[in-house]
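Enquirer: take this sequence and fold it.
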Amino acid sequence: MKKDNIFQAVMRVLKKNSQLRMGVILLIVLLCVALFAPIIAPCDPYKLYDALVAGPGTPGHILGTDGLGRDVLSEIIYGTRTSLMIGVVAASISGILGTCIGGIAGFFGGKIDRFISEFMNFFLMTPSFFLILIIVALFGSNIMYIMIVIGLTSWTGNARLMRAQAISLKERTFVKSAQAMGESRFSIMFRHIIPNGIFPIIAQTTMNVSSAILSEAGLSFLGLGDPNVVSWGQIIYHGKQYMPKGWWISTFAGVAVVFTVLTFFLIGDGLNRVLSPKMDANN
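Expert: Next up is the predicted model:
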């Protein structure tokens, strides 16, 4: 019965919020493409064919081939897996790290808050993309390093949100009651502060997925992506040298990036409106 109630509540939210509904539909499409890539893809994305830089509509290659003869459509389909994995893992690292650091700063306050705030200011003043460039150039362009580095350099937004939530929540009656009952500060933070203040972080983390995908595409475009995996950034990187005569290589991969960024923006903005009713009421 509870499952039915949850399902009905989700459906009501989706019916009321067109942005969230559209974002969820697009996300389902992306997930289906990623899950069923071996079935959907017409070719092996790593196989080299004789037709080099063949245009869209070439027999056997709907979106043409790249400079090495690989099927562009198959590369884009398999690249969905890589790009989604990068976005979700990096955004999850950012969300968890930002939530914990921001919660500690806001709840404990005092010297701890001042130290963490100055540390956050350092990250905010440093252009994160250039920091990512430096770290990837030093430690290599392995896909795992890229995901971790993007996550470790994009936590400040979540931390600031969680800090503000913690500062507000620690003055509430239920938190004061828990303190009076002798509950430890860390227990209060993880049982009361974070669970009640996590909702804006969820919306922010969803939007961070698209930022992580864009960061990986930017790194790959500069030649710092992982050359051993198929990703949209790598396709754009390989296609840029063929732009005058092979515009479709980079263009279709770029469209896939835009489609995904739009999807997570719609979901993030929709969640923000659902979790912050005042924002929706003002519009």
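Enquirer: make it CA atoms for all contacts and neighbour counts henceforth
Expert: OK.
Enquirer: torsion angles phi and psi at residue 58?
Expert: Backbone torsions of residue 58, given as degrees, to the nearest 10, read phi -60, psi 130.
Enquirer: report the beta-bridge partner residues of it.
Expert: residue 61 (DSSP bridges).
Enquirer: what number of residues lie near it?
Expert: Each residue near residue 58 was counted by other CA atoms under 10 Å, and the total is 12.
Enquirer: check residue 147 too.
Expert: Each residue near residue 147 was counted by other CA under 10 Å, and the total is 23.
Enquirer: what are the buried residues along the helix or strand hosting it?
Expert: Residue 147 is located in helix 143-152, with elements delineated by DSSP states H and E. Across helix 143-152, burial judged by 16 or more other CA atoms under 10 Å covers 143, 146-152.
Enquirer: tabulate those residues (TSV), appending distance to residue 218 and pLDDT.
Expert: Conversion of the buried residues of helix 143-152 to TSV gives the following (distance: CA to CA, whole Å; pLDDT from 0 to 100):
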residue	distance to residue 218	pLDDT
143	14	82
146	12	84
147	13	86
148	16	86
149	14	85
150	12	86
151	15	87
152	17	85
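Enquirer: packing partners for whichever strand or helix holds residue 219?
Expert: According to DSSP H and E, residue 219 maps onto helix 199-221. For helix 199-221, the helices and strands in contact under the criterion 3 or more CA pairs under 8 Å, 6 or more residues apart in numbering; DSSP states H and E are helix 72-108, helix 143-152, helix 156-169, helix 232-239, helix 247-275.
Enquirer: list the contacts of that helix.
Expert: With contacts defined as CA atoms under 8 Å, 6 or more residues apart in numbering, helix 199-221 is touched by 83-84, 86-88, 90-92, 94-95, 99, 129, 133, 146, 150-151, 157-158, 161-162, 225-226, 232-234, 236-237, 257, 260-262, 264-265, 267-269, 271-272, 275.
Enquirer: could you dump it to PDB, C-alpha only?
Expert: Output of helix 199-221 as PDB, limited to C-alpha atoms (Å, rounded to 0.1, in the frame of the first residue of the first chain):
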ATOM      1  CA  PHE A 199      16.700  18.700  -0.300                       C
ATOM      2  CA  PRO A 200      18.400  21.700  -1.900                       C
ATOM      3  CA  ILE A 201      21.600  19.600  -2.200                       C
ATOM      4  CA  ILE A 202      19.700  17.000  -4.200                       C
ATOM      5  CA  ALA A 203      18.600  19.600  -6.700                       C
ATOM      6  CA  GLN A 204      22.100  21.200  -6.900                       C
ATOM      7  CA  THR A 205      23.800  17.800  -7.300                       C
ATOM      8  CA  THR A 206      21.400  16.900 -10.200                       C
ATOM      9  CA  MET A 207      22.500  20.100 -12.000                       C
ATOM     10  CA  ASN A 208      26.200  19.200 -11.200                       C
ATOM     11  CA  VAL A 209      25.800  16.100 -13.300                       C
ATOM     12  CA  SER A 210      25.600  18.200 -16.500                       C
ATOM     13  CA  SER A 211      28.500  20.400 -15.300                       C
ATOM     14  CA  ALA A 212      30.700  17.300 -14.800                       C
ATOM     15  CA  ILE A 213      29.800  16.100 -18.300                       C
ATOM     16  CA  LEU A 214      30.700  19.500 -19.800                       C
ATOM     17  CA  SER A 215      34.000  19.500 -17.800                       C
ATOM     18  CA  GLU A 216      35.000  16.100 -19.200                       C
ATOM     19  CA  ALA A 217      34.100  17.300 -22.800                       C
ATOM     20  CA  GLY A 218      36.200  20.400 -22.200                       C
ATOM     21  CA  LEU A 219      39.200  18.200 -21.000                       C
ATOM     22  CA  SER A 220      38.800  15.900 -24.000                       C
ATOM     23  CA  PHE A 221      38.600  18.800 -26.400                       C
END
